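J.: Need a 3D model of the sequence below.
(chains A and B)
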Amino acid sequence: MHKKTTYKPFGNAAILIEWQAIISKEILNDIILFKEKIKKEKATLITDFIIGYNSLTLKYKNEIGNYCNEVESLKLIYKQDFKLNKVEKILWEIPVCYDLEFGIDLEEISEKSNLSVEEIIKIHSKKTYTVFFIGFLPGFLYLGGLDKQLHFDRKPNPRLKVPKGALAIGGKQTGVYPQESAGGWHIVGKTPIHFFDIKNENLCFAKSGDQIKFKAISLEEFYQTEKEVLKNNYIISKTLLNG
Amino acid sequence: MVSVLKPGFYTSIQDKGRVGFASNGVPVSGVMDSYAADIANSVLNNSLEAALLEITFGGCKLEFLSATAICISGGDFSAKINNQPIALNSRIKIYKNDVLSFGKINFGARCYLAVKGGFLTEKVLGSSSFYQNITNNLTIKKGDILPITTFKNDLETANSAIKIPAIHFNSEELKCYKGPEFELLNHQQQEQLLNNVFTISNDNNRMGYRLNEIIENDFPSILTSAVLVGVVQLTPSGKLIVLMRDCQVTGGYPRILQLTEESINKLAQKTTHQKLKFVLKSI
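T.: Take a look at the predicted model:
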């Protein structure tokens, strides 16, 4: 089924394609499929594909000569039904330590929510999250699928320094800070895994459409895993979701 | 080699930036004023991709440890070699131990120092542009030694015919296209946006320029989507932010205008308290 898409010029060297303004896995899958089709046809013309919740932005190498013609050719590509190599979707299991030493806001959100710290951890680590796209910081994954019971407004005063690896909750979202940065989300844990590494061929292991599951580990396991990650010995557990 | 005696207010290595890594959340970065940077490299017959120093408001002091040729373009901060004034946009002969320094700010916010062959600092993801957590450094520091190629200096100092028109620095007009959310503005808001003169706040840097004036709005945020360098966002407080080269790749505020490349370069030469006016251009 084809979905309703709209096209807008974004300056003279980019085109914004938009879907209905809702957060849904179905729309994400359509965006990813369209992206792969365009990539196949126009790889040399486009330098960057930027996915948003309901959008795909194409950044062209050069100024787009005739915007209307370009949109027409994109519309044709969208309708094409050619066989496409399936994009591998992967479920990544990320070890997270929810100990109060790292989960510095767990007690605060426990008070606000009438949930015990143990319940919050259980709810958070039970869910499988969908990677929508990467933005905000290099390697920051926008994850969808946070349980309603864990929706909390951002902190009124953002922290100036959130540590690298902090697992946090903000609004309807959850995510890991890939580097030290300022941030207003509630911190519930920490992972020893690097989410962005310029030394790796894949700068960030995950991509749009992948899934993430957080696995609770003890403090002891955290420090052990951290050592292995530093020695480059740690391999993130992954499951192929489609073949 | 170039030795940093004084780093100045904000001096960094830049080139054309990182292309092709946006899907990993990596900002483009790169020279704020690509027009001036291109002139500096062109005068030396360098590749336009060559890395150069972006010097904000002067203030830095460098010693050349080897002979080369340089060109300074962009803002005028009274550049001197061994305390003798030198011309902008010209090829200047450099001998071993020559010292480059700056003085009074005459116009502009950023100048570019190109050296023959470009600075040979480390490239990360295809670019030498400094950016936090991508490169080791954000700015150059006192005592840094910046690698360059030594050139037997048989090139004569020459005055090039290239000159940047004054309008690049003093015109208030910034040409732009309608942004993706422009049509969400009502008639009055569109009038305000296009007829008012805006003032640059003191919160302006390589990531973006915040403006002082307010356009009242009750817009909801949009679902997080791509932002591009030169996009004008309307924040919930009604203030405008113009994103610049170091901006992140996605954002959630309505994108109401998109500056042309020429206007991004013009804005890069403006600073706190200066005025600007948006002029709409059609695609």
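J.: list the contacts for the residue nearest to residue A:4 when sequence neighbours are not counted?
T.: Nearest non-adjacent residue to residue A:4, counting by Cβ to Cβ, 6 or more residues apart in numbering or on different chains: residue A:20, 6.6 Å away. Quick note: C-beta positions are derived from backbone N, CA and C, even for glycine. Residues counted as contacts of residue A:20 (Cβ atoms under 8 Å, 6 or more residues apart in numbering or on different chains) are A:3, A:4, A:27, A:54.
J.: Quick check: the residue lying closest to residue B:73 once chain neighbours are set aside vs residue A:22, distance?
T.: Distance criterion Cβ to Cβ, 6+ apart; nearest residue to residue B:73, sequence neighbours excluded, is residue B:40 at 3.9 Å. Look at residue B:40 and residue A:22: by Cβ to Cβ, to the nearest Å, they are 48 Å apart.
J.: Between the two, point out the one with more neighbours.
T.: For residue B:40 versus residue A:22, the count of surrounding residues by other Cβ atoms under 10 Å in any protein chain shown is larger for residue B:40: 28 against 10.
J.: My guess is the more buried one contacts residue B:114. True?
T.: Yes - contact criterion Cβ atoms under 8 Å: residue B:40 and residue B:114 qualify, at 3.8 Å.
J.: between those two, what contacts are shared?
T.: Counting by Cβ under 8 Å, 6+ apart, the residues touching both residue B:40 and residue B:114 are B:52, B:71, B:72, B:73.
J.: Quick check: residues of the stretch 51-200 of chain B near chain A?
T.: Contact residues (Cβ under 8 Å from any Cβ of the partner chain) of the stretch 51-200 of chain B with chain A: B:124, B:125, B:133, B:134, B:177, B:179, B:180.
J.: hey, what's residue A:18 bridged with?
T.: residue A:6, residue A:55 (DSSP bridges).
J.: got a pLDDT number for residue B:163?
T.: Residue B:163 is assigned 83 on the pLDDT scale.
J.: What's the local residue count around it?
T.: Going by other Cβ under 10 Å, the residues that sit close to residue B:163 add up to 13.
J.: what residues are up against it?
T.: residue B:89.
J.: where does the chain dip in pLDDT?
T.: No chain in the question, so chain A it is. A:1, A:82-85, A:243 (pLDDT under 70).
J.: Chain B was what I was after
T.: Looking at chain B by pLDDT under 70, you get B:153-161.
J.: Centroid-nearest residue for it?
T.: residue B:32 (1.7 Å; Cα atoms, centre = their mean).
J.: Now do the contacts for that one.
T.: So residue B:32 contacts B:14, B:54, B:110, B:206, B:244, B:245, B:264, B:265, B:268 (Cβ under 8 Å, 6+ apart).
J.: among the residues you listed, which are in strands?
T.: B:14, B:54, B:110 (DSSP state E).
J.: coming back round to it: out of the contacts of residue B:32, which one sits closest to chain A?
T.: Among these, residue B:264 lies closest to chain A (Cβ to the nearest Cβ), at 9.9 Å.
J.: Now the closest one: closest residue in space that isn't a chain neighbour?
T.: residue B:230 (4.3 Å).
J.: Double-check that residue A:164 belongs to a strand.
T.: No - according to DSSP: H, G, I helix; E, B strand; the rest coil, residue A:164 belongs to no strand; its state is coil.
J.: Correct me if wrong: it contacts residue A:183.
T.: No - using Cβ under 8 Å, residue A:164 is not in contact with residue A:183; the gap is 11.1 Å.
J.: Common neighbours of those two, please.
T.: Common neighbours of residue A:164 and residue A:183 (Cβ under 8 Å, 6+ apart) are residue A:177.
J.: the more surrounded of those two?
T.: Per other Cβ under 10 Å, whichever of residue A:164 and residue A:183 has more neighbours is residue A:183, with 23 against 18.
J.: got the contact list for that one?
T.: A:158, A:159, A:162, A:166, A:168, A:177.
J.: Would you mind listing which of the residues you listed are buried?
T.: Buried members of the contacts of residue A:183, scored by 16 or more other Cβ atoms under 10 Å in any protein chain shown, are A:159, A:162, A:166, A:168, A:177.
J.: Dump the residues you listed to JSON lines, plus distance to chain B.
T.: As requested, the buried ones among the contacts of residue A:183 are exported to JSON lines (distance: Cβ to the nearest Cβ, whole Å):
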{"residue": "A:159", "distance to chain B": "17"}
{"residue": "A:162", "distance to chain B": "13"}
{"residue": "A:166", "distance to chain B": "15"}
{"residue": "A:168", "distance to chain B": "16"}
{"residue": "A:177", "distance to chain B": "11"}
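J.: Please identify which of those is nearest to residue B:89.
T.: residue A:177 (43.9 Å; Cβ to Cβ).
J.: isn't that closest one right up against residue A:162?
T.: Yes - with contact defined as Cβ under 8 Å, residue A:177 counts as touching residue A:162 (5.0 Å).
J.: list the residues that contact both of those two?
T.: A:168, A:183.
J.: Filter the residues of the stretch 51-200 of chain B next to chain A down to the ones in helices?
T.: Among these, none falls in helices (DSSP state H).
J.: JSON lines for these, including neighbour count?
T.: Shown next, in JSON lines, are those (neighbours: other Cβ atoms under 10 Å in any protein chain shown):
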{"residue": "B:124", "neighbour count": "17"}
{"residue": "B:125", "neighbour count": "19"}
{"residue": "B:133", "neighbour count": "17"}
{"residue": "B:134", "neighbour count": "21"}
{"residue": "B:177", "neighbour count": "20"}
{"residue": "B:179", "neighbour count": "27"}
{"residue": "B:180", "neighbour count": "27"}
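J.: residues contacting residue A:88?
T.: Residue A:88 neighbours (Cβ under 8 Å, 6+ apart): A:240, A:242.
J.: Let me fix that, I meant to ask about residue B:245.
T.: B:17, B:27, B:28, B:29, B:30, B:31, B:32, B:206, B:229, B:264, B:268.
J.: so of the residues you listed, which ones are in strands?
T.: Judged by DSSP E, those include no members of strands.
J.: just the helices in chain B please.
T.: Under DSSP H, chain B gives helices at B:34-43, B:167-170, B:187-195, B:261-268.
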